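Chemist: Next comes the sequence, and after it the predicted model I'd like to discuss.
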Amino acid sequence: MSVRTLFDKCPVCKKGVVRKPEAKSFFEKVGAALNSGKYICDNCDSSFTYTKIQPLTNFEFYKLNVAKEEKNKKHDGRNLSLHEWNVILKNENLDLLEWVEKTNNLPKMNFDIEKFILDKNESSVWYGASTLCEERMIRKYDSGHAGIRLAKGIYVGKSVGHAESHPELKQIDAGELMLTTQRLMFNGQYKNYSIKLKDINFLDKWTDAIEVGKKSRQKTMVLGIEEPDKWFTLTQKAIQKL
Ligand SMILES: [Zn+2]
């Protein structure tokens, strides 16, 4: 963290500049060093504290602490990414999803991440750390028996009643996920996937993941992410807007 000015215009009062406090004396310098993660508005005294949520260098979160009596305390105590604070700043204090809902638009976030190369007519919508899981059928047999698999969990042959099959979710990779206006891209340690939004035929959300189904693919992909609501709503909106 070496940025001096966090916001040219404070998201709380829209008047001041939010920056790192300048040390005037030696003792202030010591104090400032202790609070090096803190950015303060020179007008309303609201402060933003840098917090690291995900181990990703491009994702910076800042927690707001409204210090003064301000009319709009809506975002007090909230811990949002720099990109989201910028959405609030530019869009009349609306949260990202509120803004998406109200304007029926997708945010253009301009995440500048080397690993994801975008087309000219494509822009980034959301980005974050992700795991990739796949549902796999695990088959168990009693020794000496073998059945013929007809469908999920149904077997015929001598071993009826002995063989069983159940789906198991396996994490197969970990990396980063990016949603753009055209694609959902996973960049993992071992595998890269680029799913065109127009090919998605199934989308669901869990408390810690989104599940994505693709036309040509039998199994769905389960992408473990933080804030599934955000990923789900933004992906859904991006598909609608194709
Ligand atoms: Zn302010």
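Modeler: Okay, I see it. Bear in mind that the values here come from a model prediction, so they are computed numbers and not experimental data.
Chemist: number of nearby residues for the nearest residue to residue 100 once chain neighbours are set aside?
Modeler: Nearest residue to residue 100, sequence neighbours excluded (C-beta to C-beta, 6 or more residues apart in numbering): residue 237, at 5.7 Å. For the C-beta atoms, the positions are set from N, CA and C on the backbone; glycine is no exception. For residue 237, the neighbour count with other C-beta atoms under 10 Å is 18.
Chemist: Model confidence score at residue 237, please.
Modeler: Here, the pLDDT recorded for residue 237 equals 95.
Chemist: contacting residues for residue 18?
Modeler: Residues in contact with residue 18, defined by C-beta atoms under 8 Å, 6 or more residues apart in numbering, are 5, 6, 7, 10, 11, 39, 40, 41, 42, 46, 48.
Chemist: I'd like to know which of these are buried.
Modeler: Among the contacts of residue 18, the ones that count as buried by 16 or more other C-beta atoms under 10 Å are 6, 7, 10, 11, 39, 40, 41, 46, 48.
Chemist: Include pLDDT and distance to residue 117 when you put those residues into CSV, please.
Modeler: As requested, those are arranged in CSV below (pLDDT from 0 to 100; distance: C-beta to C-beta, whole Å):
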residue, pLDDT, distance to residue 117
6, 91, 29
7, 92, 29
10, 92, 35
11, 89, 31
39, 91, 32
40, 91, 38
41, 91, 37
46, 90, 38
48, 92, 32
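Chemist: The residue nearest to residue 100 is in contact with residue 106, isn't it?
Modeler: Yes: using C-beta atoms under 8 Å, residue 237 makes contact with residue 106 at a distance of 5.9 Å.
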